[in-house]
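S.K.: below are the sequence and a predicted model for it; my questions follow.
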Amino acid sequence: FKIFNDLKASIDAITTSEISVSMTLDDSTLLNKKLIEKLSEIAEVQIEENLCLVSLIGNNINHTPGIAKKIFETIPDINVRMICLGASKHNFCFLITEQRAEEALKKLHHSFID
């Protein structure tokens, strides 16, 4: 993460596995060619564009049994590219295509708010 710090690049959300690191960056960060060059020196870099980060925020949402099931049963036909449960117990984030964002938000609003 030193590269991001040195180049003053902000990461919105991040998730890791044994062999990969996935993160969301805003467009201005992606335009930083030096960042992409530096990352490419140490890892394979793949960039996916036109994605939307959806966040559900609520008290202890990450500790609510069945919350992920309810979320993804609400949008079963929308492909989720990344799931991020951060240190905050109040935020559940996932990444979908921009094309499906409005549809997902309406369905989630209906399921959780209406």
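M.R.: Looks like it arrived, so ask away.
S.K.: tell me the buried residues in the least confident helix or strand in the chain by mean pLDDT?
M.R.: Ranking every helix and strand in the chain by mean pLDDT, DSSP states H and E puts helix 27-30 at the bottom, with a mean of 72. The neighbour-count criterion (16 or more other Cβ atoms under 10 Å) identifies Thr29 as the buried residues of helix 27-30. No exception for glycine: its C-beta is placed from N, CA and C like everyone else's.
S.K.: and for stretch 89-106?
M.R.: 91-97, 100-101, 104.
S.K.: follow-up on the earlier one: distance from the least confident helix or strand of the chain to the middle of the chain?
M.R.: Remark: helix 27-30 is offset 15 Å from the chain centroid, using Cα atoms, centre = their mean, to the nearest Å.
S.K.: for the lengthiest helix in the chain, name the packing helices and strands.
M.R.: Longest helix in the chain, counting residues (DSSP state H): helix 98-112. Where contact means 3 or more Cβ pairs under 8 Å, 6 or more residues apart in numbering; DSSP states H and E, helix 98-112 is packed against strand 51-57, helix 67-74.
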